[in-house]
Every structure is written in structure tokens, then in C-alpha cells.
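[1] Provided below for reference: sequence and predicted model.
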Amino acid sequence: QLQLVESGGGLVHPGGSLRLSCAASRYTLEYYAIGWFRQAPGREREAVSCISRNGGYTNNADSVKGRFTISRDNAKNTVYLQMNSLKPEDTAIYYCATALGCTDPYDYWGQGTQVTVSS
């Protein structure tokens, strides 16, 4: 079974940056679109960003446009989420997940990585 592992979360001050990584072992990610999602305490899960299998298509939630960038390195079997100009409202657990396409159902999910933006 495909297993995704997120990393790169942590505590950062407002205005700071983090880069999250989503990696898989034993399975290649290049056959999947990858989405990033987040869930803050007491709130519903929110789609943040998605990248197509070949990286030619990306989309971002309005709340992160201009601040977050999704990318992938299929040679490293890793997808990244570069997060700049972080705000306290970005605090959440961030998850990556696989799908055939960005608008298809997501099937495999990682365990999540905590991002906390606080002064």
C-alpha cells in the first residue's frame, strides 16, 4: 500500500517561511496528482493546493494564492509546498494525498505535519 510521509512542519513567526515535503517509499508518485490539505482545530479540512502528475497544472486556494507554491521533483519522488508570508491563520495540520487528477477523489493520505504560526 502506498504510504505518504509529510515533513517540514514546525513553529514559525508571522511572515516567515516553511517548505513542506511529501514523499513516498516503494511507490512512485509520478503517476498521481498530489494535493495538499490542511485542518485547523475545530475547522473542516481545507484544500490548499494541487499539482498534476507532470507538474504542468497547479491550483491554489484563494487564501494562499501569491504566498504558497506547490512543486514536484519526480526524480526525487517528492512533492513540495513552499509557504511564504505565513499568517497565524495558516496554523493547521497539513496533509498530502494522491489522486488521478486534481479534481478526482483523493485516496492515499499521509499522517500530517503540524504548522504553527505564532509570535
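    In hand now; what should we look at? Residues are numbered from 1 along each chain as shown.

[2] residues in contact with stretch 73-80?
    19-24, 28-30, 34, 36, 51, 55, 70-72, 96 (CB atoms under 8 Å, 6 or more residues apart in numbering). (Glycine included, C-beta is placed from N, CA and C.)

[3] Now do the end-to-end distance for it.
    Stretch 73-80 has an end-to-end distance of 8 Å (CA to CA, to the nearest Å).

[4] Likewise for stretch 47-67?
    First-to-last residue span, stretch 47-67, CA to CA: 15 Å.

[5] could we number from 12 for the rest of this?
    Okay, using 12 as the starting number, the last item reads as stretch 58-78.

[6] what stretches of this structure score poorly on pLDDT?
    For the chain, no stretch is flagged by pLDDT under 70.

[7] now with 90?
    Counting by pLDDT under 90, the chain has low-confidence residues at 12-13, 36-39, 85.

[8] now the strands for it?
    Using DSSP state E, the strands of the chain run over 14-18, 21-23, 29-36, 44-50, 57-62, 69-71, 79-84, 89-94, 103-110, 124-128.

[9] Beta-bridge partners for the residue nearest the centre of the chain, please?
    For the chain, residue 47 is the residue whose C-alpha lies nearest the centre (CA atoms, centre = their mean; 3.0 Å). Residue 47 has these beta-bridge partners by DSSP bridges: residue 60, residue 107.

[10] Hmm, residue 69 and it touching each other?
    No. Between residue 47 and residue 69 there is no contact under CB atoms under 8 Å: 10.6 Å.

[11] List the contacts of the residue nearest to the centre of the chain.
    31, 33, 58, 59, 60, 61, 81, 90, 92, 105, 106, 107.

[12] coming back round to it: buried subset of the contacts of stretch 84-91, written for ChimeraX?
    Selection of the buried residues among the contacts of stretch 84-91 in ChimeraX, burial being defined by 16 or more other CB atoms under 10 Å:
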select :31,32,33,34,35,40,45,47,62,66,81,83,107
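
[13] circling back: which one among the contacts of residue 47 gets closest to residue 122?
    Of all the contacts of residue 47, residue 106 has the smallest distance to residue 122: 7.8 Å, by CB to CB.
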